[in-house]
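Novice: whatever this is, show me its structure:
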Amino acid sequence: MTHSSCPSAAAEPPPIAPRRPQGATVGPDGWARPELAGRALPWFFILFWSSGYPMGKLGLAHAAPLSLLSLRFGLAALILLAITGFSRAPWPRSARAWLHLGVVGLLIQVLHFAGVYQAMRWGLPSGVAALLIGLMPLLTAVGGHLWLAERIRPRQAWGLALGLAGVGLVVLAKPIGQQGAGGGGTAELAYGMGLLGLAGLVLGTLYQKRFCAGMDLRSGSAIQMTVAALAMLGLAGAVEGGVQVEWRSEQLWWVLLWLAGVNSIGAFSLMFSMVRRGSASRVAVLFFLIPAMSTLMGWVLLGEALPALALFGLAVSAAAVFFSARTQA
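Specialist: Predicted coordinates:
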């Protein structure tokens, strides 16, 4: 007889592979874990991002726009540099990578926020500012089609047209005219600066996707924020005659801590993290909540109220973004 006294290894039943639920990852032990964190990230992103508009307008009561931004970016840069150092995050190895990160910082941080803050300084309600920026997913899809050869869906084209119609309704409602444009600006200039801020965000997002997708989140953000802080400080000196701030205002410092920690670090880290995780479509779908949430926060914190036609236009644009982005979810 040639049978072994020990049972054959081939006779053992194969191990049962753990079932992998949809939307879950498999850990080192082979068991599936739901991506609860990944599902929660977009909601925290919407909350953090939306709060930046009313909080920024609160800060503008105690500082000039470029001065407030130079302090915001400077504080955020110091925090990010400390995080990068303590965590020993890798720095970019080539000068070209540093240059690309600097360009993103100038577009997303400097051009975007300088336009939005100046617009709010000239009377643009925080909810309307959020509405303009809320068109970013649609315009980014168009820019990706033109620059990155990405396919644009028919629903996205219809959504862009509907979103622009919603913005037109808000402009016709003249929410700035009721409150008055402050700081020497006009309603037209306020809208123009808001659109300039939108252009900076769209171009910066496309540039980030094209040239900086593989950056380390810690060191890359630190570089972007440092470049933005230095550039904004120079602009504040040239345009505003130096840093114009009410240093003794306690509210200003609370606002700065929120803007630097929650918005500049928290919101943008979540956005870049979601892009790298491949969940950018979820951001686009939920982006339609930003104008509505910012409007609610502006009403609570600032007492801002929009005319009925402006609220209708806001709803139309929000529906447009949701309608077009839903096809990507």
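
Novice: beyond the lowest-mean-pLDDT helix or strand in the chain, next helix or strand please.
Specialist: The least trusted helix or strand in the chain, going by mean pLDDT, DSSP states H and E, turns out to be strand 32-34, with a mean of 44. Sequence order places helix 36-60 as the next helix or strand after strand 32-34, per DSSP states H and E.

Novice: and the helices in the stretch 201-329 of the chain?
Specialist: 217-239, 250-258, 268-277, 280-286, 289-302, 308-325 (DSSP state H, counting those that start in this stretch).

Novice: Throw these into a markdown table and include distance to Thr186 and mean neighbour count, thanks.
Specialist: Heads up, the C-betas are built off the backbone N, CA and C, glycines and all. Shown next, in a markdown table, are the helices of the stretch 201-329 of the chain (distance: least, CB to CB, whole Å; neighbours: other CB atoms under 10 Å):
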| stretch | distance to Thr186 | mean neighbour count |
| --- | --- | --- |
| helix 217-239 | 18 | 21 |
| helix 250-258 | 26 | 16 |
| helix 268-277 | 31 | 17 |
| helix 280-286 | 33 | 20 |
| helix 289-302 | 21 | 20 |
| helix 308-325 | 18 | 20 |
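
Novice: turn these into a markdown table, including distance to Trp43 and mean pLDDT.
Specialist: Formatted as a markdown table, the helices of the stretch 201-329 of the chain follow (distance: least, CB to CB, whole Å; pLDDT from 0 to 100):
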| stretch | distance to Trp43 | mean pLDDT |
| --- | --- | --- |
| helix 217-239 | 19 | 94 |
| helix 250-258 | 18 | 94 |
| helix 268-277 | 10 | 71 |
| helix 280-286 | 7 | 52 |
| helix 289-302 | 9 | 81 |
| helix 308-325 | 15 | 75 |
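
Novice: for Gly163, find the nearest of those.
Specialist: Closest to Gly163 of the helices of the stretch 201-329 of the chain, according to CB to CB: helix 308-325, at 3.7 Å.

Novice: tilt between the closest one and helix 289-302?
Specialist: With axes from the mean of the first three to the mean of the last three CA atoms, to 10 degrees as the basis, helix 308-325 and helix 289-302 are set at 150 degrees to each other.

Novice: by contact count, what packs against helix 308-325?
Specialist: Secondary-structure packing of helix 308-325 (3 or more CB pairs under 8 Å, 6 or more residues apart in numbering; DSSP states H and E): helix 126-134, helix 136-147, helix 154-173, helix 280-286, helix 289-302.

Novice: so how far is Leu80 from Gly166?
Specialist: 36 Å (CB to CB, to the nearest Å).

Novice: please disregard the earlier target; I meant Met274.
Specialist: Met274 sits 18 Å away from Leu80, going by CB to CB.

Novice: what's in contact with stretch 252-267?
Specialist: Residues from elsewhere that reach stretch 252-267 (CB atoms under 8 Å, 6 or more residues apart in numbering): 44-45, 48-49, 51-52, 55-56, 58-59, 62-63, 68, 71-73, 75-76, 79-80, 109, 221, 225, 245-246.
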